[in-house]
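Asks: Here is my input, please return the structure:
(2 chains)
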Amino acid sequence: MSKKILLVDDDQDFTMMNEAVLVNLGYEVATASSAQEGLDKLKEFKPDLVILDLMMEHYDSGFTLSHRIKTNPDTKDIPLVMVTSVRRETEMVFDARTHEEKEWIKVDGFLEKPISPEDLSATVTKYIK
Amino acid sequence: MKKKYSILVVDDETGMREGVARILKPFGYEVFIAGDGKEASEIIEKETFDLALIDLKLPDTDGLTILDEILHKDPLVVCIIITAYATLDTAVSATKRGAFDYLAKPFTKDELLVIIDKALDRRDIIVEADKLRKERDRSLLELSHEQTRFKTIISCMTDGVIVTNRDNGIVLFNNAGSKFLDGYMDMEPGAPIADHIKHPDISEMISKAGEEGGNTHMQGKEIKQGDATWLANCGVLRDEEGEFLGTVTVFRDITEMKEVEKIKQRFISLVAHELKAPVAAIRGYLDIILKKAAGNDSAVYDNMMVRAKERADGLLDLIKDLLDMSRIDARKVERHIVPVRLADYIESNLEFLKFEIENRKITVKNNAAGLNLVVMADADELNRIITNLLSNAVKYNKDEGEIIIDAAKKGEMITFSIADTGIGMNEEDQSRLFEDFFRANNPQTRKQPGTGLGLAITRRMIESNNGRVEFESAVGKGTKFSIILPAGYDI
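Replies: Got it, this is the predicted structure:
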């Protein structure tokens, strides 16, 4: 059975292109355009990986959703990759390398926009065994 | 030609004064003679002379009174007292009162000539000294006028000025400059700048300019004082030989400049962000298409290309809006404000939007139809104002909703309104409605393409046509825009 990936981003271009790439790689993909929709899909779709945009309609909704996924016993083991475009806009680098950083930003990996098909493929393979 | 001296001789003895005159005249002196105080006074009044020989004893007054009279009129006249009673007392009292010397009677011709020579030398010296003093006084006066003028000019400047000497002591500052000083009211000239300046940065800048013997170039520093931002520029003062004399620091209020700069920065960053999003999306699609990263199903690529084209169209709209805005802001738009019939433009726009209106099953109640209302406006801009507002009324309406158009003349103005029964706006969104790039963010608006500049441009155009725009809105009920424009004469 193919592995399942949930894409959460309010940018419909982003979900459309990455869905196409992931489907071509043989994954089953679901998309959500808000944190709430993401939370709903999480329960019914039961993904093996979540790719989530940091900044959606409200500036912290990406953070909020990631926190909820990682604090819920049912979902906390699902690998979570956070997509950001912060570095370019704020010169701030978001990353979680140390244990302490991973505690604070509860995600497993980061992807920087713009994402090339190769980057996406490499990241996905890394988190889905 | 040698200068001709004139001498007054006052003596009550006829023989005495005639004798003196006879001795002096051959030497080229002009001689005035007086026999008593009265005659002397008349001559003093009328004539000028270099030297006076005054007998101490006169029938109607004494020689000291005449001495006073002469010196009062011209302090530079050299006076010699003649006395038969040559005592030390009289000599002292006469010189105390301003006489140059005294001559005891009887005296010889040579004695007289010697003392006259001496007295005239003295006269030359004091006349010369007086001339020099007057010249000096005059130039000092000019100098002080110059300084007063200079100070007046400096104090009128809105820029602050503080001048320091080579020891970093404050030597001059103006009113605007005093803002940057503490305790300047009772400050000694040359007081150290470091003790009085409010901003240590400035004192550092000034002493640094001094340390290097003034080799540094003009340097600037921004400082905050209250709500204002000032730019302080420190320049070096030198004399003709290029020797370092001190510094002059000029403070300029750049608060407004900073404000404009900030607005500009914010706008540029907004524009950059808005331009980047569609380009990034188009680039992403192209990347996938070129790499065939979505497999072999051509329908997927077709979808991507359709979407990429939509984003490119949106980008083009945005660029058009930006160009319009820049033209309006630069007042480069040539407006032909003429009488135009409002109903014509409303009808043509409704015709233009007919397909969309029917598609969404929206009912239009055009109460302006057939009304002969004429507004003064640029026809092209009026058309675009109506296009923007009507297309918004369609875009943000609900399916099977309504658009109600009203128009009426009120005094010299014409008011027309376009109301929809759409999503409406909350109070926060209402307050930001006309902001550049503002778009209400909710699921209904996210589906609609838009640059966030339409209403900003619409308002600018309405105001450029001497009108104004008002609106009322309620969430879930709809929004009504009212445009008030000057009425035109009938056409």
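Asks: what about the closest residue to chain A within the stretch 51-200 of chain B, neighbour count?
Replies: Scanning the stretch 51-200 of chain B for proximity to chain A using CB to the nearest CB identifies residue B:199 as nearest, at 29.6 Å. C-betas here are computed from N, CA, C, even on glycine. Taking other CB atoms under 10 Å in any protein chain shown as the neighbour definition, residue B:199 ends up with a count of 16.
Asks: Could you give the number of residues near residue 11?
Replies: With no chain named, the answer covers chain A. Counted with other CB under 10 Å, residues neighbouring residue A:11 total 19.
Asks: wait, chain B
Replies: Neighbour count for residue B:11, taken as other CB under 10 Å: 25.
Asks: all strands for chain A, in order.
Replies: All strands of chain A, identified by DSSP state E, fall at A:4-8, A:28-32, A:49-53, A:80-84, A:109-112.
Asks: Columns mean pLDDT and mean neighbour count on top of these, output as a markdown table?
Replies: As requested, the strands of chain A are exported to a markdown table (pLDDT from 0 to 100; neighbours: other CB atoms under 10 Å in any protein chain shown):
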| stretch | mean pLDDT | mean neighbour count |
| --- | --- | --- |
| strand A:4-8 | 95 | 24 |
| strand A:28-32 | 95 | 20 |
| strand A:49-53 | 92 | 25 |
| strand A:80-84 | 88 | 23 |
| strand A:109-112 | 84 | 18 |
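Asks: Identify the residues contacting the residue of the stretch 51-200 of chain B closest to chain A.
Replies: Contacts were defined as CB atoms under 8 Å, 6 or more residues apart in numbering or on different chains; by that measure residue B:199 touches B:180, B:223, B:225, B:232.
Asks: Mark which of the residues you listed are buried, thanks.
Replies: Buried members of the contacts of residue B:199, counted by 16 or more other CB atoms under 10 Å in any protein chain shown: B:180, B:223, B:232.
Asks: and of those residues, the nearest to residue B:360?
Replies: For residue B:360, the closest of those turns out to be residue B:223, at 58.9 Å, with distances computed as CB to CB.
Asks: I'd like to know how far that closest one sits from residue B:415.
Replies: When distance is defined by CB to CB, to the nearest Å, residue B:223 is 51 Å away from residue B:415.
Asks: can you check residue B:241 too?
Replies: Following CB to CB, the distance that separates residue B:241 from residue B:415 is 76 Å.
Asks: And residue B:408, what's its pLDDT?
Replies: pLDDT, residue B:408: 92.
Asks: Give the bridge partners for it, please.
Replies: Listed beta-bridge partners, residue B:408: residue B:415 (assigned using DSSP bridges).
Asks: does it really touch residue B:415, like I thought?
Replies: Yes - under the contact definition of CB atoms under 8 Å, residue B:408 touches residue B:415, with a separation of 5.8 Å.
Asks: what about the two, which has more around it?
Replies: Set side by side, residue B:408 and residue B:415 show more neighbours around residue B:415, with 19 against 13, by other CB under 10 Å.
Asks: Quick one: name the residues of chain B near chain A.
Replies: Counting by CB under 8 Å from any CB of the partner chain, chain B comes close to chain A at B:273, B:277, B:280-281, B:283-285, B:287-288, B:291, B:293-295, B:300, B:303-304, B:307, B:311, B:441, B:446.
Asks: now do 7 Å
Replies: Proximity of chain B to chain A, by CB under 7 Å from any CB of the partner chain, involves residues B:280-281, B:283-285, B:287-288, B:291, B:293-295, B:300, B:304, B:307, B:311, B:441.
Asks: Give me the subset of those residues lying in strands.
Replies: For those, not one is inside strands, with DSSP E as the criterion.
Asks: For ChimeraX, write a command that selects the buried ones of those.
Replies: Selection of buried members from those for ChimeraX, criterion 16+ other CB under 10 Å:
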select /B:280,281,284,285,287,288,293,294,300,304,307,311
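Asks: Most widely separated two among the residues of chain B next to chain A?
Replies: Of all pairs drawn from those, the one with the largest separation by CB to CB is B:295 and B:441; the distance is 34.2 Å.
Asks: count of neighbours near residue B:41?
Replies: For residue B:41, the neighbour count with other CB under 10 Å is 18.
Asks: What mean pLDDT does the helix or strand containing it get?
Replies: Using DSSP states H and E, the secondary-structure element containing residue B:41 is helix B:37-46. The average pLDDT within helix B:37-46 is 91.
Asks: Tell me the buried residues in stretch B:419-428?
Replies: Within stretch B:419-428, the residues that qualify as buried by neighbour count (16+ other CB under 10 Å) are B:419-425.
Asks: so where is the stretch 151-300 of chain B shaky, pLDDT-wise?
Replies: Applying pLDDT under 70 to the stretch 151-300 of chain B picks out residues B:212-218.
Asks: just the strands in it please.
Replies: According to DSSP state E, counting those that start in this stretch, the stretch 151-300 of chain B carries its strands in the segments B:160-165, B:169-173, B:191-192, B:219-225, B:228-238, B:244-253.
Asks: if I pick the residue nearest to the spatial centre of chain A, what's in contact with it?
Replies: Most central residue of chain A, judged by C-alpha distance to the mean C-alpha position with CA atoms, centre = their mean, is residue A:51 at 1.7 Å. Residue A:51 makes contact with A:5, A:7, A:81, A:83 under the criterion CB atoms under 7 Å, 6 or more residues apart in numbering or on different chains.
Asks: Quick check: beta-bridge partners of the third one?
Replies: Beta-bridge partners of residue A:81, counted by DSSP bridges, are residue A:51, residue A:109.
Asks: longest single helix anywhere in the chain?
Replies: No chain was given, so I picked chain A. Across chain A, the helix with the greatest residue count (assigned by DSSP state H) is helix A:12-24.
Asks: You answered for a different chain; I wanted chain B.
Replies: With residue count as the measure and DSSP H as the assignment, chain B has helix B:109-156 as its longest helix.
Asks: and that helix with strand B:160-165, angle?
Replies: Angular relation of helix B:109-156 and strand B:160-165 on a 0 to 180 degree scale: 140 degrees, by axes from the mean of the first three to the mean of the last three CA atoms, to 10 degrees.
Asks: Now do helix B:109-156 against strand B:169-173, angle only.
Replies: Put simply, helix B:109-156 runs at 80 degrees to strand B:169-173, going by the same axes, to 10 degrees.
Asks: got any ranges where chain A has weak pLDDT?
Replies: For chain A, residues meeting the criterion pLDDT under 70 lie at A:55-60, A:86-106.
Asks: Mind doing that once more with 90?
Replies: Scanning chain A for pLDDT under 90 picks out A:1-2, A:9-12, A:33-37, A:39, A:53-77, A:82-114, A:128-129.
Asks: Residue numbers of it in contact with chain B?
Replies: Within chain A, the positions adjacent to chain B are A:13, A:16-17, A:20-21, A:24, A:57, A:114, A:116-117 by CB under 7 Å from any CB.
Asks: 10 Å - rerun?
Replies: Chain A has residues A:10-14, A:16-26, A:33-34, A:57-58, A:85, A:88-89, A:113-118, A:120-121 near chain B, with proximity defined as CB under 10 Å from any CB of the partner chain.
Asks: And those residues, which of them are buried?
Replies: Once neighbours are counted (16+ other CB under 10 Å), the buried part of those comes down to A:10-11, A:13-14, A:16-25, A:33-34, A:85, A:113, A:115, A:117, A:120-121.
Asks: picking that back up, go through the buried ones among the contacts of residue B:199 and name the one nearest residue B:268.
Replies: Distance to residue B:268, by CB to CB, is smallest for residue B:223 among the buried ones among the contacts of residue B:199, at 26.0 Å.
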